[in-house]
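# Sequence and predicted structure are below.
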Amino acid sequence: MLPRYGIKIGYLGLLVALLLMVCFTAPGISSELTTAIAPGLNVIGIPSALVAGQQRAFPLLALWQSAGVTAIESHDPASGKLRRAELDGSPTPSGADFPLVENSALYVYSTKLNTLPLGNSQSCAALNLSSGFNLASYACFPSGYLASNFINSVGLTNISSLSRLDLQSGRWQTVAVSAGTTIVGEDFPLVAGEGYVIQSAGVSGWNPPALALTPASLTVWQGQPDVALTVAIPASAPVGGTVVNVDSSNPGLAAVAASVTVPQGNTSIRVPLTLPDTGGITTQSVTITASRAGMTSAHTVLSVRPKPTVNLSPLTTETGLNVTIPATVTVNLSDAAPTGGFPVTLSVTPGGIVTVPSSVTVQAGANSAQATITAVALGSATISATSPGRGISGTQQVVTVKSTQSATYNSLTSTQIGVQVGPVATAATSVSATYTPVYSSEVGIQVGPVFTGQSPIQTANYGPLTSSPVGVQVGDTYTAPTSIPFCK
């Protein structure tokens, strides 16, 4: 049996105003939830915030006392009975201090036309229904979600009827399933904050159908072309397709079409973004929302960064023909490259003097990349870097190719080198000494302005040495040390 309810006509205008003021939270979005009440009986839902904040009936009754609430009742599925907490003319609650359960509902008795605070709920647990009678609610129904949508979603064999108390008319509205195949009755929207009487065969772990918008977050640049999101629906689109509404919190930074249509038989479609180049110099956040009646909305948060610049360094370079170490140019970005890297196109004018790769890619997360310059003729050329695919024009670098210099030396002959072994002598003396083994090592000799170095022909292990000359060849041939001269 549903409780009987009556409302005086004098309250109707004020009640309508209160209903228009009621706000509720969309799934995943933090917002204060309230609901309207009228004198007499009301059916109010229990969202997660009330459970977290009040936990039990007595604290909740104390919270709502100033709004005119005198008693609240909860259905106990185990016993099938109602549990009641009331003020009964006293400021101290009495009766059953029963626990509050998310997604359940309460019979709320009031003496005033008012609104009740229901807390700030940011998410909803899955809805479970017992077999038989349920006082139930759900704070995350999608916008425009009807009682018939809910029954179809959980299955016609799982719901016998669903009723709500209409505060404006004071009567119960009911949607029922006839013969297990047909939904009949007076359909109505399901909203956060309301409670419902549901006759069920049992439902476990229900969540409403939801849209998906991917990626959930994305970094883009002003003026960046060919950027799109993807919206997906829970099941294949029927004949004629499924229309999904799309909205931008700031069309001046990221614009989208008002809607997209998922083609018949498909489950997703691209949502192109238009990113104007506003010349802004700060990063701003934009939220793109996909919505459809009867489905939970989906959101993507865009981080819209200033349009990046690309430049080359150094600005001027000199190189020569047939050099051993080639010149390089560095491509620099003013921002870190995104996922997938940042391609930069290189070009040279006039041609025929130097060559560079047609493009280089700055790897994801990096700010620069290098390219090799190959000289093919004498002269000057300009290297340009652009990224037309990203709507970015680049900078230029001038490269000058000069002839390489060479030097010619006359023939060199060998000469003796005096090596002092032992204490420094103040005058020519005769020295007799024995030394431990001596090992050869490389000797670097600077000849002229350019020297590429010499490598020893061999490494030898010599025994004790006595006074004897050592020959050092300076010129075309280099031989190993053979003897050591002493000054006498």
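Received the coordinates, thanks.
# Please count neighbours and contacts with C-alpha atoms only from this point.
Will do.
# Average pLDDT for the lengthiest strand in the chain, rounded please.
Using DSSP state E to define each element, the chain has its longest strand at strand 295-305. Mean per-residue pLDDT for strand 295-305: 93.
# Can you name the next helix or strand after it?
Using DSSP states H and E, the helix or strand that follows strand 295-305 in sequence is strand 310-313.
# And that following strand, how far out from the chain middle?
Strand 310-313 sits 28 Å away from the centroid of its parent chain (CA atoms, centre = their mean, to the nearest Å).
# Now do the buried residues in it.
By neighbour count with 16 or more other CA atoms under 10 Å, strand 310-313 contains the buried residues 310-312.
# Check stretch 316-334 too.
Quick answer for stretch 316-334 (16+ other CA under 10 Å): 317, 319-321, 327-333.
# so Arg83 touches His75, yeah?
Yes. Counting by CA atoms under 8 Å, Arg83 does reach His75; the two are 6.3 Å apart.
# more crowded one of these two?
Taking other CA atoms under 10 Å, Arg83 and His75 do not tie; His75 has more neighbours (20 against 17).
# could you say which helix or strand contains that one?
Per DSSP H and E: strand 69-76 holds His75.
# OK, contacts around the residue most central in space within the chain?
Geometric centre of the chain, nearest residue: Ser217, 3.9 Å, by CA atoms, centre = their mean. Ser217 makes contacts with 300-303, as judged by CA atoms under 8 Å, 6 or more residues apart in numbering.
# Also Ser403?
For Ser403, the contact set (CA under 8 Å, 6+ apart) comprises 320-321, 378.
# Quick one: those as a markdown table, columns for secondary structure and pLDDT too.
Output for the contacts of Ser403, formatted as a markdown table (DSSP: H, G, I helix; E, B strand; the rest coil; pLDDT from 0 to 100):
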| residue | secondary structure | pLDDT |
| --- | --- | --- |
| Gly320 | strand | 77 |
| Leu321 | coil | 75 |
| Leu378 | coil | 87 |
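# wait, which of those residues is closest to Gly89?
Nearest to Gly89 out of these is Gly320 (CA to CA; 101.2 Å).
# what is the closest one paired to in the beta sheet?
Listed beta-bridge partners, Gly320: Lys402 (assigned using DSSP bridges).
# and the gap between it and Phe58?
Separation of Gly320 from Phe58 (CA to CA, to the nearest Å) stands at 90 Å.
# Can you list the low-confidence ranges for the stretch 51-200 of the chain?
For the stretch 51-200 of the chain, no stretch is flagged by pLDDT under 70.
# what are the ranges of the strands in it?
For the stretch 51-200 of the chain, applying DSSP state E, counting those that start in this stretch gives strands covering 69-76, 81-86, 94-95, 105-110, 114-120, 127-129, 132-136, 159-166, 171-178, 182-185, 196-200.
# Kindly reformat those strands as JSON lines containing distance to Ile151.
Below are the strands of the stretch 51-200 of the chain laid out as JSON lines (distance: least, CA to CA, whole Å):
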{"stretch": "strand 69-76", "distance to Ile151": "22"}
{"stretch": "strand 81-86", "distance to Ile151": "25"}
{"stretch": "strand 94-95", "distance to Ile151": "35"}
{"stretch": "strand 105-110", "distance to Ile151": "18"}
{"stretch": "strand 114-120", "distance to Ile151": "26"}
{"stretch": "strand 127-129", "distance to Ile151": "12"}
{"stretch": "strand 132-136", "distance to Ile151": "14"}
{"stretch": "strand 159-166", "distance to Ile151": "6"}
{"stretch": "strand 171-178", "distance to Ile151": "8"}
{"stretch": "strand 182-185", "distance to Ile151": "8"}
{"stretch": "strand 196-200", "distance to Ile151": "10"}
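# To Gln222, which of the ones you listed lies closest?
strand 114-120 (35.2 Å).
# neighbouring contacts of the closest one?
18, 22, 30-38, 46-47, 49-50, 53, 64, 67-68, 193.
# Going by neighbour count, which residues of stretch 350-365 are buried?
Buried residues in stretch 350-365, defined by neighbour count with 16+ other CA under 10 Å: 353-356, 360-363.
# on that earlier part again, and of the strands of the stretch 51-200 of the chain, who's closest to Ala337?
Across those, Ala337 has its closest neighbour in strand 114-120 (39.0 Å, CA to CA).
# partners of the closest one in the sheet?
Applying DSSP bridges, strand 114-120 is found paired with strand 32-37 (antiparallel).
# Domain ranges for the chain, per the record?
In the domain annotation for the chain, the residue ranges read 9-206, 212-305, 310-402, 412-488 (automatic domain parsing).
# now the stretch 351-488 of the chain, which segments are flagged as low pLDDT?
Applying pLDDT under 70 to the stretch 351-488 of the chain flags the ranges 388-396, 404-488.
# Contacts for stretch 204-211 next, please.
For stretch 204-211, the external contacting residues (CA under 8 Å, 6+ apart) are 126-129, 141-142, 150, 153-154, 231-234, 290-292, 294-298.
# got the buried residues for that stretch?
For stretch 204-211, a neighbour-count test (16+ other CA under 10 Å) marks 207-211 as buried.
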